[in-house]
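Chemist: Here is a sequence together with a model predicted from it:
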Amino acid sequence: MFLVDMNFVDMSRITPELTDLHRAHLLGEYNNNNLMFGGRKEPRTGGIIISSHKDIGDLKAVLEADPFIQSGAVEYCITEFTPVMASQPFESLLGGG
């Protein structure tokens, strides 16, 4: 699994239209179950995405094609992690180790 930490670097470029393009771009990845959760940070300085992509290269390709990234408004950092503990509703996400 991967945690994607997105940070706004040029808030003046974050428009409702760009946000709609960003969400539309990611929708297919959610529909394919490659992205699990996503949302904005509070305060609104960026967003967080939890990815179940099997390959970091595939995830990077999705992110690099994201209108937020392409506009120069957002930068991201990826952290790979293996979940080892979860509450009961999310136990199926554990990798067994």
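Modeler: Sure thing, it's come through.

Chemist: Give me the buried positions along the top helix by length along the chain.
Modeler: Determined from DSSP state H, the single longest helix within the chain is helix 16-31. The neighbour-count check on helix 16-31 (16 or more other C-beta atoms under 10 Å) flags 18, 21-22, 25-26, 29 as buried. Placement of C-beta: from N, CA and C, glycine included.

Chemist: Give the other helices and strands that the following helix or strand past it contacts.
Modeler: Note on helix 16-31: by DSSP states H and E, the next helix or strand toward the C-terminus is strand 35-40. Packing partners of strand 35-40 (3 or more C-beta pairs under 8 Å, 6 or more residues apart in numbering; DSSP states H and E): helix 16-31, strand 46-51.

Chemist: helices or strands next to the first one in the packing?
Modeler: Contacting helix 16-31 under the criterion 3+ C-beta pairs under 8 Å, 6+ apart are the following elements: strand 35-40, helix 56-64, helix 67-70.

Chemist: In the sheet, which residues pair with the spatially most central residue of the chain? Tell me.
Modeler: What sits nearest the mean C-alpha location of the chain, by C-alpha atoms, centre = their mean, is residue 49, with 2.8 Å. Counting by DSSP bridges, residue 49 is bridged to residue 4, residue 38.
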